[in-house]
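Participant: What follows is a predicted protein model with its sequence.
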Amino acid sequence: MMRKLIIICLFVPFFLDAQSGFNRTYSLDSLKVAFSGVVASDDSLVVYGSIYNNTDSKWELVVLKMDTLGDEGNRLIKKNAGIGGFNTLETKMIKTSDGGVLISGNVGYSTESFTLKLNPNLGEEFYIQSIDSINRVVFHREAIEVSDGYIIGGDVQKQDYSDQLWASKLDYEGNVLWYREYGAPTDTLEWAFDMAVTPEGNAMIAGIQLTPISGGNGYQYDGWPLLLTIDQ
């Protein structure tokens, strides 16, 4: 009985310490900051969000690398070269196979989109802006890594105010290999909410299709899984 009591006493402090974690705030030079997402990368954490530029009156993209105690490491602030500020609430960040991250989203609420690839030290590898400059790029941006590059996607609002799903494939150097739109040409709304790699290595988009009901009585809601072959 004495032996069992000693073992319990030794292990209780360990469990208490393992659950401590951290709870901190980051003012980042006393500017307005809002974090939007986080991924674990090796033995560290990478968070991204928006930081307000008082000089230009724009929200810029900020990416921080920190250890598991919350101590800040590298920092990257990406200035927006287009209209408005980065809309990081509608942005997706994923961990890439090389230990870096890929961030894909839209700039404000305009026709400008962006994709940013960073290496493990947050050094910029490539930056793409405005893959589709005709339609208004809107919400639910998604990104995955496939065997030979990346698939990014979401939904766009057309000039007739219908929404369609879209997807684009990039190689590892950031070159756009293809861009596609999916859905009915008018009236319907197609929205994308998630994307995943299938066991065969292709891409599956989970979305919804809204079809107007005759007489102006709202919309018919239908789930819409869309399977994309990565070499299409």
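Facilitator: In hand now; what should we look at?
Participant: Taking the centroid of the chain, which residue is nearest it?
Facilitator: Lys92 (0.4 Å; CA atoms, centre = their mean).
Participant: Help me confirm that it comes into contact with Ser104.
Facilitator: Yes - using CB atoms under 8 Å, Lys92 is in contact with Ser104, at 5.3 Å. Placement of C-beta: from N, CA and C, glycine included.
Participant: Average pLDDT for the helix or strand the residue nearest to the centre of the chain falls within, rounded please.
Facilitator: Here Lys92 sits within strand 86-95, counting by DSSP states H and E. Here strand 86-95 scores 78 as its mean pLDDT.
Participant: Adjacent strands (with direction) for that strand?
Facilitator: Its sheet considered, strand 86-95 pairs with strand 101-107 (antiparallel) by DSSP bridges.
Participant: Using CSV, list the CA coordinates for the following helix or strand past the partner strand.
Facilitator: Remark: after strand 101-107, the chain's next helix or strand is strand 113-118, criterion DSSP H and E. Once non-C-alpha atoms are left out, strand 113-118 reads as follows in CSV (Å, rounded to 0.1, in the frame of the first residue of the first chain):
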residue,chain,number,x,y,z
SER,A,113,-7.8,37.3,-54.3
PHE,A,114,-4.5,36.3,-52.9
THR,A,115,-2.4,33.2,-52.1
LEU,A,116,0.7,33.5,-50.0
LYS,A,117,3.2,30.6,-49.5
LEU,A,118,5.7,30.9,-46.6
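Participant: Return the list of strands paired to the helix or strand that strand 113-118 is followed by, each annotated with direction.
Facilitator: The helix or strand immediately downstream of strand 113-118 is strand 124-129, counting by DSSP H and E. Sheet partners assigned to strand 124-129 using DSSP bridges are listed as strand 113-118 (antiparallel).
Participant: And stretch 222-232, what's buried?
Facilitator: Residues of stretch 222-232 classed as buried: 224, 226, 228, 230 (neighbour count, 16 or more other CB atoms under 10 Å).
Participant: which of those residues has the weakest pLDDT?
Facilitator: For the buried residues of stretch 222-232, the pLDDT minimum is Ile230, 77.
Participant: Show the contacting residues for the residue nearest to the centre of the chain.
Facilitator: Each residue near Lys92 by CB atoms under 8 Å, 6 or more residues apart in numbering is listed here: 37, 103-105, 141-143, 152.
Participant: make it 7 Å
Facilitator: 104-105, 141-143 (CB atoms under 7 Å, 6 or more residues apart in numbering).
Participant: Now render those residues as a markdown table, adding pLDDT, neighbour count and distance to Tyr48.
Facilitator: As requested, these are exported to a markdown table (pLDDT from 0 to 100; neighbours: other CB atoms under 10 Å; distance: CB to CB, whole Å):
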| residue | pLDDT | neighbour count | distance to Tyr48 |
| --- | --- | --- | --- |
| Ser104 | 88 | 25 | 11 |
| Gly105 | 83 | 26 | 9 |
| Arg141 | 70 | 23 | 13 |
| Glu142 | 87 | 23 | 15 |
| Ala143 | 92 | 22 | 13 |
